[in-house]
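>>> the sequence isn't on hand, but the structure is:
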Ligand SMILES: Nc1ncnc2c1ncn2[C@@H]1O[C@H](COP(=O)(O)OP(=O)(O)OP(=O)(O)O)[C@@H](O)[C@H]1O
């Protein structure tokens with residue numbers, strides 16, 4: 001088998017498109033090989049370093065599904081890259097669900113990705129042509145969402161991606177019209193003749209001024225004649241590893257906080273548990289090609305485009321244009337099935353040195369290069385899987401871009417499909433168009449070709465030790481480093497196809513070439529890692545700052561809490577003191593009252609002098625007895641007090657005086673012990 005023959009299980013068909021030389025073109029470093037068959041298409045290229053390259057690098061040979069040379073136009077690419085079968089797949093066979101399709105471009109900045117996908121002022125891109133082919137071939141089978149009230153809601157209800165759906169006339173009017181209808185966003189609008197033509201576009205080019213060349217009028221695809229169709233367009237971009245809807249009109253209304261761009265999630269939804277969806281996109285049902293083109297232009301205006309040193313209108317994000325084909329049986333009006341043609345215009349990889357980018361743009365470039373590096377890893381893994389018997393997992397979960405590109409490339413779990421009474425979906429069919437400038441940056445282009453090509457053949461010598469080099473003499477090994485082991489472990493056994501004899505000096509040169517290639521590759525990895533490091537550092541600084549702010553906030557909070565608690569306790573203490581003082585005063589009043597009453601009783605009985613009768617007399621006696629006890633106690637207490645006072649008074653006087661002055665005899669009130677017999681009130 002030709003070592004460069006593509007095995008059939010590849011996830012992508014990979015095409016190479018070469019762009020015409022720009023005015024400031026350098027030397028051409030890329031040659032297209034003649035096809036092996038007379039009527040065949042070229043599919044092999046070789047790259048050799050430019051003449052003035054001092055590194056004397058090896059010649060590399062790459063295989064693609066097909067190579068398109070500079071003179072190939074947009075229509076050649078459209079026809080030659082199997083976009084038509086991709087569209088047919090999305091439309092689905094008769095009575096069957098369609099199959100998702102992906103069309104993406106990859107290449108250095110300025111190599112012609114956007115030109116291929118979106119065209120230019122004078123030529124249409126693959127996206128416009130694909131839309132035209134779809135609308136033309138569906139023809140009358142397209143449903144009219146404007147005159148039937150039940151079609152629009154049934155399509156919106158069948159959507160599994162939590163989308164917000166609008167008919168194109170209403171959407172376009174709200175975005176570019178006079179705004180009269182902007183506030184009447186009903187989910188099922190009565191489009192009372194609101195026509196697309198009535199749109200008063202403020203910023204958009206008119207459809208009549210958009211290019212109509214190349215025409216795709218004569219291109220026919222098979223359409224299921226038993227079905228009716230609806231075309232739904234949505235657009236989003238991956239910018240700094242986040243997904244943003246391109247149809248919200250956020251940039252036009254940037255002053256309004258409500259419309260500020262919010263990142264969306266790529267996740268399995270409730271109605272689509274086995275397939276991830278970009279959830280919450282705005283989706284527009286388009287009834288004809290003009291509406292679809294206007295929606296496309298609206299989204300493109302939103303897309304982040306900034307000029308860099310390498311390309312005046314460089315795409316700073318990966319753009320995704322999704323054409324969803326909804327299909328149901330025309331007669332039975334069964335459930336809507338849906339398949340999507342996703343067209344992706346990747347941002348270009350670039351070298352910071354060439355692009356003269358700085359600040360935010362440099363950081364963007366870092367993110368772009370990082371995501372493209374992960375994409376390269378996935379594609380490399382795909383190529384390795386086809387080379388070897390062992391199937392490695394394609395590491396597509398490393399960033400949003402590879403997740404979006406590869407998630408649907410594998411069969412969906414039949415378990416989920418079974419639960420939802422569905423057939424497992426077929427994996428998407430994918431096409432990658434690699435764009436390259438044969439007169440551009442050799443290093444960057446060769447790097448992209450290395451990981452995107454379906455297979456690769458390169459003269460990489462073993463790097464022998466000095467002794468083995470002498471022993472081996474002047475033997476050079478031609479290996480296939482597409483089997484990457486030989487490249488990564490150049491000292492190991494090589495998978496040699498051909499052997500040829502060359503002088504030792506050539507061997508040494510090629511060793512050096514391989515080493516320089518490796519150094520180059522490492523330099524680029526270092527560039528990316530440095531960018532990542534810088535970003536990590538700034539993230540860490542931001543985290544530390546917010547941590548310190550949080551600490552300060554906590555200290556303030558603690559102090560505030562303490563103050564509040566202190567004030568509360570003081571308040572409670574004062575309240576308690578008031579309560580106890582009140583109780584104390586009440587008790588004292590009660591005591592006074594009791595004493596007053598007793599005295600009153602005593603006075604009364606003394607003044608009246610009436611002889612009480614039997615019971616009353618005994619009560620009075622006991623009362624008097626207790627009164628006497630109280631008075632005696634008081635008397636004792638007073639006596640003790642008097643003694644104490646006297647003693648204190650004596651101590652206060654000087655000792656000499658104490659000696660001279662005669663001690664005054666203290667008069668102690670000697671109370672006579674009260675006895676009942678002595679009671680003056682006792683009349684008996
Ligand atoms: N095949 C082609 N024929 C004619 N002009 C081309 C072709 N390819 C690219 N160009 C022109 O080269 C310029 C840069 O191309 P384009 O913007 O498509 O590059 P890109 O790869 O998308 O760059 P970036 O990644 O920076 O967005 C544009 O002016 C475009 O019209």
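Noted; the coordinates are in hand. Keep in mind that what you see is a predicted model, and the values were worked out from it rather than measured. Numbers count the residues shown, from 1 in each chain.

>>> residue 229 is in what secondary structure piece?
In this structure, residue 229 sits in strand 227-239 according to DSSP states H and E.

>>> residues making contact with the following helix or strand past that strand?
Following strand 227-239 in sequence order, the next helix or strand is strand 242-245 (DSSP H and E). The contact list for strand 242-245 (C-beta atoms under 8 Å, 6 or more residues apart in numbering) reads 234-238, 250, 261-266, 278, 280-282, 317, 400, 404. Placement of C-beta: from N, CA and C, glycine included.

>>> cool, stretch 539-556 as well?
Residues contacting stretch 539-556 (C-beta under 8 Å, 6+ apart): none.

>>> that stretch: which residues count as buried?
Buried positions in stretch 539-556, judged by neighbour count with 16 or more other C-beta atoms under 10 Å: none.

>>> chain center to it: distance?
Remark: stretch 539-556 is offset 23 Å from the chain centroid, using C-alpha atoms, centre = their mean, to the nearest Å.

>>> for stretch 556-569, same thing?
40 Å.

>>> what mean pLDDT would you report for it?
Stretch 556-569 shows an average pLDDT of 93 in the prediction.

>>> which elements pack onto the strand holding residue 229?
With contacts defined as 3 or more C-beta pairs under 8 Å, 6 or more residues apart in numbering; DSSP states H and E, strand 227-239 has these neighbours: helix 126-138, helix 151-158, strand 242-245, strand 282-286, helix 289-302, strand 318-329, helix 400-406.

>>> isn't residue 154 right up against residue 326?
No - using C-beta atoms under 8 Å, residue 154 and residue 326 do not qualify as a contacting pair, with a distance of 9.5 Å.

>>> how about the nearest residue to residue 452 once chain neighbours are set aside, secondary structure?
With C-beta to C-beta, 6 or more residues apart in numbering as the criterion, residue 452 has its nearest non-adjacent residue at 4.7 Å, and that residue is residue 434. The three-state label given to residue 434 by DSSP: H, G, I helix; E, B strand; the rest coil is strand.

>>> just the helices in the stretch 401-550 of the chain please.
Listed in chain order, the helices of the stretch 401-550 of the chain (DSSP state H, counting those that start in this stretch) span residues 414-419, 442-452, 466-472, 485-488, 504-608.

>>> the inter-axis angle of the longest one versus helix 442-452?
Going back to what we said before, that points to helix 504-608. Calculated by axes from the mean of the first three to the mean of the last three C-alpha atoms, to 10 degrees, helix 504-608 forms an angle of 80 degrees with helix 442-452.

>>> and the next element down the chain from helix 504-608?
Reading on from helix 504-608 to the C-terminus, the next helix or strand found by DSSP H and E is helix 614-652.

>>> just the helices in the stretch 51-200 of the chain please.
Under DSSP H, counting those that start in this stretch, the stretch 51-200 of the chain gives helices at 74-80, 83-91, 113-118, 126-138, 151-158, 168-176.

>>> looking at those, which is nearest to residue 377?
Proximity to residue 377 (C-beta to C-beta) singles out helix 113-118 among those, at 19.8 Å.

>>> in the stretch 301-450 of the chain, which residue sits nearest the ligand?
Closest residue of the stretch 301-450 of the chain to the ligand, C-beta to the nearest ligand atom: residue 348 (2.4 Å).

>>> hang on, residue 13 in a helix?
No - per three-state DSSP, residue 13 lies outside any helix segment and is strand.

>>> just the pLDDT at it, thanks.
Confidence score, pLDDT, at residue 13: 87.

>>> in contact with it, which residues?
Contacts for residue 13 (C-beta under 8 Å, 6+ apart) come out as 65, 81, 82, 430, 431, 432.

>>> shaky segments in the stretch 51-200 of the chain?
Residues of the stretch 51-200 of the chain that meet the criterion pLDDT under 70 lie in 52-57, 147-149, 177-200.

>>> how close does residue 44 sit to residue 62?
Counting by C-beta to C-beta, to the nearest Å, the gap between residue 44 and residue 62 amounts to 7 Å.

>>> then residue 524?
19 Å.

>>> with neighbour numbers in mind, choose between the two.
Between residue 524 and residue 62, counting by other C-beta atoms under 10 Å, residue 62 is the more crowded of the two (27 against 17).
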